[in-house]
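# pasting the structure only:
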């Protein structure tokens, strides 16, 4: 069994200051890195002799409109099926420069996950073979999961939050 | 495309007489509303005669923006969204979501509720696999097996009905446990199910497992190696058919799965026949689990002590102040969840169904992402059906068990 400590130390030894903000919410090793280092880290963990973290569980995005310079996060969940060990890696991006390299050469499954993230948040995965919208229509001119698009019709007066004590 | 030989074929007289047509490709739309897609999604196939040269999928026809809607809803109202993902096995989605919230809140669910959940989740798995394998038979031209199985699925839905009142989109259970205990009628129906399902399944297997025509249609159709399957993010029966014994129930047990004795069936070649056989065997294993859970069903409460999330009994609401307040606060969704970030996964009908929940301390999730197994493994479909015929592609799609609701969320 791998421990979070062990993997974290190994990553710090290899990548130094490029990996930071280590956390363990509910026991899952979570760390943050830069977009220059994300693919090297994924590759390193993929080919590591002992860790063999070579299964991509999920890629998704998060929008934090209130943190300037770090408006978007791309979150990778990876899993080692032999060691039963999961890692969550986050990369924060600025809205002005919303690019991140693609993980498709490493994982075939990253293709649609990245397309979905692009579709929802407009995060551009450089080098992706076919970066188009996947769930929404192609003519859509905004990215619906961003926080500035509220769910309900803004003109409605009968559903204000104040009426519900929110 | 280069690895597929394009030669004049004597089986296509038109092309024999017109050699200039050789190598000319036909575009074929399989879907969006083709009966064999069992849902709304489109495959645009490039065909050379009857051979598939390449394919491309268009999905999103029933995209309902669940992740966006979830950002406006209190936790208990999100259960109804999860129903509508894999609607062939909605209880698994419901309980998966409840367990995610319980993990966030740190609620310990009593043993009895966990066992009840296991029974229902395994029933859901059986009904999911019944449909998949039955339909696989229909798509290969054998209708009768499907009719035997549908009757049993109907009985499973009657059990759901007895437990929660709904059949397809069940909205079963609550955060913290079950909304009510098993009634005697429900227990009777489950016991009867355990008695009547094996003969039907046995007969179904007699019809298919060693059937020459079925074997010829499915063996070596759409094989995928374990390596490619892992790269494509396969999970569940489709991955196990390729020979990887990854099952969330065993690797990261939840809801007391560690108490039960069952085996994970694995295939070898990852072809359509193996996927069929793995699903069949999983139904037998699910029945074993249900039997063990029924025999060892613990006594005790069926819900946790979580007054802020679990609705108080109605009589209490009329009598006591606290119950009335909690009832009101829960229904209006005025309870703030703790700040946290949690990923929880369960073994759904099609594989690892994950919930990535970020709570910023508000009444709704800040962000909720569903890891939907169908969405992730369906991208392998063009690779799997490349070089096969159209009739084989139908079987491959059917054996992958792509559920449109889960595909599009």
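Structure received. Small disclaimer: the values here were computed from a predicted structure and weren't measured. Residues are numbered from 1 along each chain as shown, chains lettered A, B, ... in the order given.
# How about the closest residue to chain B within chain A: what's its closest non-neighbour residue?
Going by Cβ to the nearest Cβ, chain B is nearest to residue A:109 of chain A, at 3.1 Å. (Glycine included, C-beta is placed from N, CA and C.) Leaving aside its chain neighbours, residue A:109 sits nearest to residue B:233 (3.1 Å; criterion: Cβ to Cβ, 6 or more residues apart in numbering or on different chains).
# Look up the pLDDT of that neighbour for me, please.
Looking at residue B:233, its pLDDT is 94.
# how about the residues of chain A that lie near chain B?
Proximity of chain A to chain B, by Cβ under 8 Å from any Cβ of the partner chain, involves residues A:25-26, A:28, A:30, A:54-58, A:60, A:62-63, A:75, A:77, A:81, A:84, A:86, A:88, A:107-109, A:111-113, A:116, A:120, A:133-137, A:144-145, A:149, A:151-152, A:164-166.
# contact partners of the helix or strand where residue B:394 lies?
Per DSSP states H and E: residue B:394 is located in helix B:390-400. Residues outside helix B:390-400 that contact it (Cβ atoms under 8 Å, 6 or more residues apart in numbering or on different chains): B:28, B:30, B:36-38, B:43, B:45, B:47, B:50, B:52, B:55, B:132, B:135-136, B:139-140, B:217-218, B:221-222, B:238, B:272, B:275-276, B:374, B:377-378, B:381, B:384-385, B:388.
# Counting only helices, which of the residues you listed make the cut?
Counting by DSSP state H, the members of these that fall within helices are B:132, B:135-136, B:139, B:217-218, B:238, B:272, B:275-276, B:374, B:377, B:381, B:384-385.
# Nearest to residue A:18 among those?
In terms of Cβ to Cβ, no member of the ones in helices among the contacts of helix B:390-400 lies closer to residue A:18 than residue B:377, at 32.3 Å.
# which ones are touching that closest one?
A:109, B:229, B:232-235, B:238, B:350-351, B:400.
# Can you show me the helices along chain A?
A:4-15, A:38-47, A:110-121.
# Please identify which of the ones you listed is closest to residue A:129.
When these are compared by Cβ to Cβ, helix A:110-121 sits nearest residue A:129, at 7.1 Å.
# now the closest one against helix A:38-47, angle please.
140 degrees (axes from the mean of the first three to the mean of the last three Cα atoms, to 10 degrees).
# What helices and strands are in contact with helix A:110-121?
Here helix A:110-121 touches strand A:55-63, strand A:124-126, helix B:373-377, going by 3 or more Cβ pairs under 8 Å, 6 or more residues apart in numbering or on different chains; DSSP states H and E.
# Remind me what the longest one packs against, helices and strands.
With contacts defined as 3+ Cβ pairs under 8 Å, 6+ apart, strand A:55-63 has these neighbours: strand A:72-80, helix A:110-121, strand B:352-360, strand B:367-371.
# Could you provide these in CSV, with additional columns for distance to residue B:200, mean pLDDT and mean neighbour count?
Formatted as CSV, those follow (distance: least, Cβ to Cβ, whole Å; pLDDT from 0 to 100; neighbours: other Cβ atoms under 10 Å in any protein chain shown):
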stretch, distance to residue B:200, mean pLDDT, mean neighbour count
strand A:72-80, 37, 95, 22
helix A:110-121, 37, 95, 24
strand B:352-360, 27, 94, 23
strand B:367-371, 33, 95, 24
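# now those as JSON lines including distance to residue B:258?
As requested, those are exported to JSON lines (distance: least, Cβ to Cβ, whole Å):
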{"stretch": "strand A:72-80", "distance to residue B:258": "19"}
{"stretch": "helix A:110-121", "distance to residue B:258": "30"}
{"stretch": "strand B:352-360", "distance to residue B:258": "18"}
{"stretch": "strand B:367-371", "distance to residue B:258": "23"}
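# How about the contacts made by residue B:59?
Shown in contact with residue B:59 (Cβ under 8 Å, 6+ apart): A:134-135, B:41-42, B:375, B:378, B:407-408.
# any idea of the pLDDT on it?
91.
# if we compare the helices and strands packed on strand A:55-63, which one ends up closest to residue B:300?
Proximity to residue B:300 (Cβ to Cβ) singles out strand B:352-360 among the helices and strands packed on strand A:55-63, at 26.9 Å.
# Provide the strand pairings for the closest one, with the direction of each partner.
According to DSSP bridges, strand B:352-360 forms sheet pairs with strand B:339-347 (antiparallel), strand B:367-371 (antiparallel).
# So for residue A:95, which of the ones you listed sits nearest?
With Cβ to Cβ as the criterion, residue A:95 lies closest to strand B:367-371 of the strands paired with strand B:352-360, at 16.6 Å.
# For the closest one, what is the distance to the chain centroid?
Averaged C-alpha coordinates place strand B:367-371 at 17 Å from its chain's average position (Cα atoms, centre = their mean, to the nearest Å).
# neighbouring contacts of that strand?
Here strand B:367-371 makes contact (Cβ under 8 Å, 6+ apart) with A:57-58, A:60, A:62-63, A:77, B:66-67, B:70-71, B:78, B:82, B:85, B:345, B:352-358, B:409.
# hang on, the earlier thing: among the residues of chain A next to chain B, filter down to the buried ones and hand me the PyMOL syntax, if you would.
In PyMOL, a selection of the buried entries from those looks like this (16 or more other Cβ atoms under 10 Å in any protein chain shown):
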select buried, chain A and resi 28+30+54+55+56+57+58+60+62+63+75+77+81+86+88+107+108+109+111+112+113+116+120+133+134+135+136+144+145
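# circling back to that earlier point, adding distance to residue B:123, write the helices of chain A out as TSV.
Converted to TSV, the helices of chain A look like this (distance: least, Cβ to Cβ, whole Å):
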stretch	distance to residue B:123
helix A:4-15	36
helix A:38-47	38
helix A:110-121	31
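# Any stretches of chain A with poor pLDDT?
Counting by pLDDT under 70, chain A contains low-confidence residues at A:152-166.
# in stretch B:251-261, what's buried?
Buried residues in stretch B:251-261, defined by neighbour count with 16+ other Cβ under 10 Å: B:252, B:254-257, B:259-260.
# can you check stretch A:122-129 too?
Going by neighbour count (16+ other Cβ under 10 Å), the buried part of stretch A:122-129 is A:122-125, A:128.
# What of stretch B:169-181?
B:169-180.
# What does residue B:323 show for phi and psi?
phi -60, psi -40 (degrees, to the nearest 10).
# which other helices and strands contact whichever strand or helix holds residue B:207?
With secondary structure defined by DSSP H and E, residue B:207 is part of helix B:184-208. In terms of contacts (3+ Cβ pairs under 8 Å, 6+ apart), helix B:184-208 is packed against helix B:111-139, helix B:144-164, helix B:272-295.
# helices and strands around the longest one, which ones?
Under the contact criterion of 3+ Cβ pairs under 8 Å, 6+ apart, helix B:111-139 touches helix B:90-105, helix B:144-164, helix B:184-208, helix B:272-295, helix B:390-400.
# what angle sits between the first one and strand B:367-371?
Helix B:90-105 and strand B:367-371 meet at an angle of 140 degrees, taking the same axes, to 10 degrees as the criterion.
# do helix B:90-105 and chain A meet?
Yes. Judged by Cβ under 8 Å from any Cβ, helix B:90-105 and chain A are in contact via B:103-104.
# now that helix, how far from the centre of its chain.
Taking mean C-alpha positions (Cα atoms, centre = their mean), helix B:90-105 and its chain are 15 Å apart.
# Looking at it now, give me its mean pLDDT.
The model assigns helix B:90-105 a mean pLDDT of 95.
# The last one now?
Within the predicted structure, the mean pLDDT of helix B:390-400 is 92.
# How about the secondary structure of the closest residue to chain A within the stretch 151-300 of chain B?
Taking Cβ to the nearest Cβ, chain A has its nearest neighbour within the stretch 151-300 of chain B at residue B:233, 3.1 Å off. Secondary structure for residue B:233, judged by DSSP: H, G, I helix; E, B strand; the rest coil, is coil.
# That one and residue B:376 touch, don't they?
Yes. Using Cβ atoms under 8 Å, residue B:233 is in contact with residue B:376, at 4.2 Å.
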